[in-house]
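# pasting the structure only:
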């Protein structure tokens with residue numbers, strides 16, 4: 001669901017991307033949730049979700065964080 005959520009976010013459908021991560025909360029989707037709130041401009045909520053995902057605030061551009069998450073999950077899928 002992580003890559004699906006990221007795909008929808010990339011397509012400009014923040015609401016659907018957010019709905020996906022909320023409906024399927026797990027370690028993987030927790031990594032996407034803060035990115036979505038950063039994109040929304042809600043840094044307080046993003047910080048909350050970074051803590052839930054046991055990650056530090058990503059200080060680079062949102063597009064760089066997006067690419068990093070996609071690469072991680074693409075590699076994980078390729079290893080299956």
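Alright, I've got the coordinates. Note that the structure is a prediction, hence the values are computed from the model and not measured. Numbering: from 1, shown residues only.

# Nearest residue to the middle of the protein?
With distances taken as CA atoms, centre = their mean, residue 32 lies nearest the centre of the chain, 1.4 Å away.

# For that one, give me phi and psi.
Here is the backbone geometry of residue 32 (degrees, to the nearest 10): phi -90, psi -30.

# Identify the residues contacting the closest residue to residue 50 other than its chain neighbours.
Distances taken as CB to CB, 6 or more residues apart in numbering put residue 34 closest to residue 50, at 4.5 Å, once the chain neighbours are dropped. Bear in mind the C-beta positions are built from the backbone N, C-alpha and C, glycine included. Residue 34 sits next to 46-50, 53, 55, 57-58 when contact means CB atoms under 8 Å, 6 or more residues apart in numbering.

# cool, and residue 32?
Residue 32 neighbours (CB under 8 Å, 6+ apart): 2, 5-6, 9, 17, 21, 69.

# quick one: it from residue 24, how far?
To residue 24, residue 32 is 10 Å away according to CB to CB, to the nearest Å.

# what about the strand or helix carrying residue 68, distance to the chain center?
Using DSSP states H and E, the element containing residue 68 is helix 62-78. Distance, stretch centre to chain centre, for helix 62-78: 10 Å (CA atoms, centre = their mean, to the nearest Å).

# for it, which positions count as buried?
Within helix 62-78, the residues scored as buried using 16 or more other CB atoms under 10 Å are 65-66, 69-70, 73.

# just stretch 14-25 next, same as before
Those would be 17-18, 20-21, for stretch 14-25 by 16+ other CB under 10 Å.

# Could you do stretch 29-44 as well?
Neighbour counts over stretch 29-44 (16+ other CB under 10 Å) mark 29-39 as buried.
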